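1. Predicted coordinates and the sequence they were generated for:
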Amino acid sequence: MNAIINSTYFGELCALSAAICWSIAVIIFKSASKSLSPLLITALKNTIALFLFIVFFLIYGIPLWYDGFTTNDYIKIIISGCLGMGFGDILFIYALSKIGANRIAIINCFEPAVIYFFSIILLGTMLTFQQLLGFIIVITSLLIISYEKDQDDIDKKTKMYGLMLQITAIFLSSFGIVLIKPVLSKVAHSIDLQLWVTVFRLFPGFIVAWVIFLFQKNKETLLRPLKENSKVLGKILLSSGLGTFIALSFWIIGYANIEKPPIASIIGQTSVIFITILSWMILKEKISKVRILSMIIAILGVLLITIK
């Protein structure tokens with residue numbers, strides 16, 4: 001696993017594969033959210049992905065526990081997992097169920113800007129004028145899509161509620177990512193350990209989702225679709241495998257094999273395009289000129305933020 005594969009554009013192909021797998025998973029998650037609670041989807045997603053990664057670790061001889069970190073490091077990983085893989089993912093699926101996949105894709109372009117925002121606060125990273133301009137451009141794209149005249153059945157109140165859910169999810173996820181950046185820097189030499197840190201974040205996310213679910217009074221009602229329709233469970237299995245297990249693995253391997261990290265971030269943002277196209281083809285979501293404009297502006301902002 002740690003060996004760097006000497007193949008032209010191998011890293012770029014892995015990052016692109018991650019974007020494609022994640023895009024397909026988002027479409028399936030959206031479809032599943034018509035039958036299942038976003039909370040249950042998140043709990044099942046984290047459970048399935050955690051199981052697949054444990055099996056993967058056992059097959060490839062990757063240790064299930066690593067004791068090379070400090071107590072503070074483990075605390076950071078746990079907090080990061082709770083915020084990003086737990087609360088953040090729950091809110092993400094809720095937002096997806098409310099406002100659709102192509103809006104979610106555009107709003108997700110806001111994440112690099114938020115990551116830089118928290119990097120300034122937590123890591124003392126300096127923001128250049130170019131990155132500040134990119135930040136402003138991404139926010140502009142959010143304002144455009146926020147005030148878009150609806151061409152579907154979503155009322156303004158639901159749309160704004162979904163937007164706020166997704167923006168909150170992005171802030172939680174971004175904070176979690178920046179929080180563990182110093183931890184990941186300690187194992188920058190090892191793909192196995194980078195993967196271990198990422199997978200370990202899944203565990204507290206798994207606990208958060210199931211604890212919240214167990215406190216729901218209507219658990220039986222929420223579980224009923226799984227018992228009545230086996231296709232729903234199939235969707236969750238497929239989307240969890242693609243979106244969390246395969247996409248995450250491709251992303252980490254790709255990131256490790258790309259010489260310039262910003263390139264990986266840019267390739268990752270191609271998921272905006274894939275999700276928009278797939279949501280139109282499969283979910284029959286409408287794509288307005290305003291959304292296309294917002295998407296182009298958002299991608300431009302991301303490029304300014306990530307390219308140095």
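-> Structure received. Numbers count the residues shown, from 1 in each chain.
2. what about the closest residue in space to A105 that isn't next to it in sequence, distance to S288?
-> The shortest distance from A105 to any non-neighbouring residue, by CB to CB, 6 or more residues apart in numbering, is to I275 (3.8 Å). All C-beta spots, glycine's among them, are computed from the backbone N, C-alpha and C. As judged by CB to CB, to the nearest Å, I275 and S288 stand 15 Å apart.
3. So which of these two has more stuff around it?
-> In this comparison of I275 against S288, neighbours counted by other CB atoms under 10 Å, the higher total goes to I275 at 29 against 15.
4. Go ahead and confirm that one touches I27.
-> Yes: contact criterion CB atoms under 8 Å: I275 and I27 qualify, at 7.0 Å.
5. For stretch 211-226, buried residues please.
-> Judged by neighbour count (16 or more other CB atoms under 10 Å), stretch 211-226 contains these buried residues: 213, 222, 225.
6. Show me what the helix or strand in which L58 is found is packed against.
-> The secondary structure element spanning L58 is helix 38-60 (assigned by DSSP states H and E). Helix 38-60 is packed against helix 10-32, helix 89-99, helix 191-214, helix 219-228, helix 230-240, with contacts defined by 3 or more CB pairs under 8 Å, 6 or more residues apart in numbering; DSSP states H and E.
7. which other residues reach stretch 123-134?
-> By CB atoms under 8 Å, 6 or more residues apart in numbering, the residues outside stretch 123-134 that reach it are 113, 116, 119-120, 135, 178, 181-182, 300-308.
8. most remote residue from the chain's center?
-> Residue distances from the centre of the chain (CA atoms, centre = their mean) peak at E228, which lies 29.2 Å from the mean C-alpha position.
9. Can you check what pLDDT the model gives that residue?
-> What the model reports for E228 is a pLDDT of 84.
10. mind checking how far it is from T221?
-> In this view, E228 and T221 are 11 Å apart by CB to CB.
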